[in-house]
Each structure stands twice: as structure tokens, then as C-alpha cells.
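> here you go, sequence then predicted model.
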Amino acid sequence: MVNINIEVPDDIHKRIRILSAMQGIAIKELIVKTLEESVGKNEK
């Protein structure tokens, strides 16, 4: 596994934090899931 450090605006971080809490998953899981979906869409 590779670590990637990125800076995100405060408002986006807040929305990510809220969305992950609503889904009952960690922020990391939400971001990985979103990236997987995005990459999958581009491969098709």
C-alpha cells in the first residue's frame, strides 16, 4: 500500500467527514471507495 498526502480545503474536509460519518465508515475508506469508483469509470 502507498501513502499519499494531500491538502484539501477546510470546507471539503468537513463535507468528507460528515459523509463518512453518515455512512459509518472512516474517511480513508470513503476516499479509497471514491477513488476506486472514479478509476473504474475511466477504464470502461
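Alright, I've got the coordinates. Residues are numbered from 1 along each chain as shown.

> got any ranges where this protein has weak pLDDT?
By pLDDT under 70, the weakly predicted segments of the chain are 42-44.

> can you pull out the helices in it?
For the chain, the helices identified by DSSP state H occupy 10-23, 27-43, in order along the chain.

> N3: which of those is closest?
With respect to N3, and counting by CB to CB, the nearest of those is helix 27-43 at 10.6 Å. (Glycine included, C-beta is placed from N, CA and C.)

> sorry, back to before: Serialize the helices of the chain to TSV and add fields for distance to I4.
Supplementary listing: those in TSV, determined by distance: least, CB to CB, whole Å:
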stretch	distance to I4
helix 10-23	15
helix 27-43	9
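
> closest one to V2 among those?
When the helices of the chain are compared (using CB to CB), the closest one is helix 27-43, at 11.4 Å.
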